[in-house]
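> sequence? don't have it. structure:
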């Protein structure tokens, strides 16, 4: 699955906490930078002023709710 989200500086810690509970790999990227979504420093180092792309292959209800709340409107 691939989803577009937006995060603020305040939301990064919560996002990383939720992704850390997932038992599958989650990548988050902006342009050519791809980082592990379970890494606080990796996510915090991205340009949070832009939409970010989240790629994953798994299901976790709490994670899906978080993605829905942070989704970028099309």
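That came through fine. All figures in this text were calculated on a predicted structure; none of them were measured in a lab.
> need the strands for this structure, in chain order.
With DSSP state E as the criterion, the chain has strands at 2-5, 26-30, 33-36, 52-56.
> nearest to residue 46, of the ones you listed?
Proximity to residue 46 (CB to CB) singles out strand 26-30 among the strands of the chain, at 5.0 Å. C-beta coordinates here come from the backbone N, C-alpha and C atoms, glycine included.
> and residue 71, how many neighbours?
For residue 71, the count of nearby residues is 14 (other CB atoms under 10 Å).
> okay, the strands of the chain in a markdown table with distance to residue 15 and mean pLDDT next?
As requested, these are arranged in a markdown table below (distance: least, CB to CB, whole Å; pLDDT from 0 to 100):
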| stretch | distance to residue 15 | mean pLDDT |
| --- | --- | --- |
| strand 2-5 | 8 | 96 |
| strand 26-30 | 9 | 96 |
| strand 33-36 | 12 | 96 |
| strand 52-56 | 9 | 97 |
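> mind putting those strands in CSV, distance to residue 65 and mean neighbour count included?
CSV is the format used below for those (distance: least, CB to CB, whole Å; neighbours: other CB atoms under 10 Å):
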stretch, distance to residue 65, mean neighbour count
strand 2-5, 12, 14
strand 26-30, 15, 18
strand 33-36, 21, 14
strand 52-56, 14, 19
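> please identify which of those is closest to residue 73.
Closest approach to residue 73 among these (CB to CB): strand 2-5, 9.3 Å.
> quick one: list the elements packing against the closest one.
Taking 3 or more CB pairs under 8 Å, 6 or more residues apart in numbering; DSSP states H and E as contact, the helices and strands that strand 2-5 lies on are strand 52-56, helix 61-70.
> circling back to that earlier point, format the strands of the chain as TSV; extra columns: distance to residue 70.
Listed next are those as TSV, based on distance: least, CB to CB, whole Å:
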stretch	distance to residue 70
strand 2-5	4
strand 26-30	11
strand 33-36	16
strand 52-56	9
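> closest to residue 11 out of the ones you listed?
When the strands of the chain are ranked by proximity to residue 11 (CB to CB), strand 2-5 comes first, at 9.4 Å.
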